[in-house]
Each structure stands twice: as C-alpha cells, then as structure tokens.
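Visitor: please find the sequence and the predicted model below.
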Amino acid sequence: MKKIILAFVLFALISSTAFSQISGGLFVGPNLSWFGVDSKMQSNEGVRPGYEFGAWSDFPLSDNFVFNLAIKYNDIGGTMSYQYGSIIDLYDINRIDIIAAGENIKYNLSYLSIPIGFKGKTNEIGFMSYFMKAGIAPMINLKGMADVTVDSNDLITKNISPISMSWYMGAGFEWSLSGNTRFVTEIVYNGGILDFVRNKNDELTIDVFEDDDKTVRDHVGKTNSISLKLGILF
C-alpha cells in the first residue's frame with residue numbers, strides 16, 4: 001500500500017512540474033458500489049461502502065476543454081444473490097464450488113484504475129468554475145476476496161478477472177485558492193463494461209441441478225459505483 005501511495009504522489013508531482021501548462025494533484029473520497037447483473041436468476045443485494053484515492057492531471061486542449069488522466073486505488077464490491085444456486089470456482093481453479101439456492105456471495109475487490117477522459121469547464125465565475133467529465137477507466141485487479149453465507153471467512157478468490165473496464169460520467173466544481181492552486185469537488189458515476197468474474201465452468205453445469213434452465217453460470221456481474229472526490233490541483 002505504501003508503494004501505491006508513493007506512486008500516486010510521484011505521478012502528481014511529475015504531472016504538475018514537467019510542463020507548466022499541466023495541472024496535477026491528489027484526491028481522496030468515499031464511494032458506494034453495487035453489482036449490475038443481466039440474469040433473472042441473480043440479483044444484487046444492496047450497496048457496499050468503500051473508498052478511493054489517487055492522483056490526477058489536466059492537460060489543456062483549449063480554454064474550456066482539457067484531457068483528464070488519473071490513476072487511483074479503488075476499493076469496491078457488493079453482494080450477489082443466487083435464486084437457484086450456482087457453480088463457481090471461487091477459491092481454487094481445480095475445485096468447483098456449488099452455491100446453494102438462496103445463498104449470497106459477498107465480494108471485496110481492490111483495483112488499480114486508470115481513468116482516461118475529457119473535461120469541459122466554464123470560465124471562472126467569482127472564484128468558482130464548474131465542469132462535466134466523461135471517459136473510460138481500464139481496471140487492474142489487485143485483490144479479490146469472497147465470503148459465502150455458509151462460510152463467514154473471507155478468502156482470496158480465483159475467479160476474478162485480472163482486467164476489467166468501466167465508463168464514467170461526472171460533474172463538479174473547482175474553487176480557486178491562490179495562483180493556479182484549486183480545490184476540486186466532484187461526483188462521478190462508474191458503470192461496468194466487462195464482467196468482473198471469469199467464466200470457466202460452462203461445460204460443468206449440466207445435470208448438476210434438477211432444472212438445467214435454472215443453472216446460473218459464473219459469467220454475469222458488472223461493478224457499478226458512485227463516488228465523491230475531494231482533491232487539489234496545482
């Protein structure tokens with residue numbers, strides 16, 4: 001964790017000093033995350049509080065338009081419910097875990113995310129300027145843990161995809177403090193594009209349950225979140 005924090009600080013410092021027209025800084029904030037599913041046999045069970053922190057940079061393209069790049073540590077997750085059960089290789093790629101009907105799996109996920117996008121902002125009004133932003137965020141999984149309702153111990157899970165992707169859209173304001181230093185507040189919604197779990201056992205789901213049509217495979221589930229970020233650009 002210390003190495004990750006140091007990397008964010010270096011990213012911010014390099015971004016802000018390498019070129020005078022580039023702004024760089026740090027941010028931190030809470031988030032709420034949940035799973036989006038495209039199966040009637042699975043359902044999301046509530047939201048999970050988490051946090052994120054990182055560094056960001058603005059590369060001006062015009063007076064009111066910038067290219068925005070960030071790197072962040074993202075702690076997200078959620079709980080998935082299986083109405084008819086499921087077959088997932090949760091903890092060992094050589095072992096199949098059968099999730100009984102009505103059981104839940106609680107996931108705790110850590111990602112290194114690299115949001116890339118564009119930001120349009122207003123001219124300064126008093127000491128404030130307002131902006132909207134949008135883009136995509138490649139995500140590298142750092143750790144994934146799963147907690148099944150019948151086994152309360154969190155264990156590292158092997159069925160998390162190492163690479164994921166989301167899109168994001170947000171809005172906020174910048175408050176000019178002194179010179180080029182600005183305090184930034186923004187709210188961002190992230191929507192998952194790729195499933196966060198790996199699909200490895202489709203061929204093993206036949207005849208496990210009485211009704212094959214109600215067998216849930218482990219390839220649906222996208223991470224969604226909404227976050228509040230507080231930071232500084234200089």
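Guide: Great, that's in hand.
Visitor: which ones are touching the residue lying closest to residue 160 once chain neighbours are set aside?
Guide: With CB to CB, 6 or more residues apart in numbering as the criterion, residue 160 has its nearest non-adjacent residue at 3.4 Å, and that residue is residue 144. Heads up, the C-betas are built off the backbone N, CA and C, glycines and all. Residues counted as contacts of residue 144 (CB atoms under 8 Å, 6 or more residues apart in numbering) are 107-110, 156-157, 159-160.
Visitor: which SS state does residue 144 fall under?
Guide: strand (DSSP: H, G, I helix; E, B strand; the rest coil).
Visitor: bridging residues for it?
Guide: residue 109 (DSSP bridges).
Visitor: could you measure it against residue 48, distance?
Guide: Note on residue 144: its distance to residue 48, by CB to CB, to the nearest Å, is 13 Å.
Visitor: equivalent analysis for residue 42, please.
Guide: 16 Å.
Visitor: for residue 83, same thing?
Guide: 20 Å.
Visitor: just list the residues touching residue 132, thanks.
Guide: By CB under 8 Å, 6+ apart, the contact set of residue 132 is 119-121, 169-171.
Visitor: could you redo the last one with a cut-off of 10 Å?
Guide: Counting by CB atoms under 10 Å, 6 or more residues apart in numbering, residue 132 makes contact with 118-122, 169-172, 186.
Visitor: element containing it?
Guide: Element membership for residue 132 (DSSP states H and E) is strand 128-148.
Visitor: average pLDDT across that strand?
Guide: In this model, strand 128-148 carries a mean pLDDT of 93.
Visitor: list the buried residues for it?
Guide: Across strand 128-148, burial judged by 16 or more other CB atoms under 10 Å covers 129, 131, 133-135, 137-139, 142, 144-148.
Visitor: next, count neighbours for residue 228.
Guide: Residues within reach of residue 228, counting by other CB atoms under 10 Å, total 16.
Visitor: try residue 123
Guide: With other CB under 10 Å as criterion, residue 123 counts 8.
Visitor: quick one: it from residue 176, how far?
Guide: 12 Å.
Visitor: what sits in contact with each of the two?
Guide: Residues touching both residue 123 and residue 176 by CB under 10 Å, 6+ apart: residue 129.
Visitor: where does the prediction get shaky in the chain?
Guide: The chain contains residues with pLDDT under 70 at 1-20, 89, 91-97, 149-155, 199-220.
Visitor: strands along that one, start to end?
Guide: 23-36, 42-44, 48-62, 65-82, 86-88, 97-99, 104-113, 116-121, 128-148, 151-156, 163-178, 181-192, 222-233 (DSSP state E).
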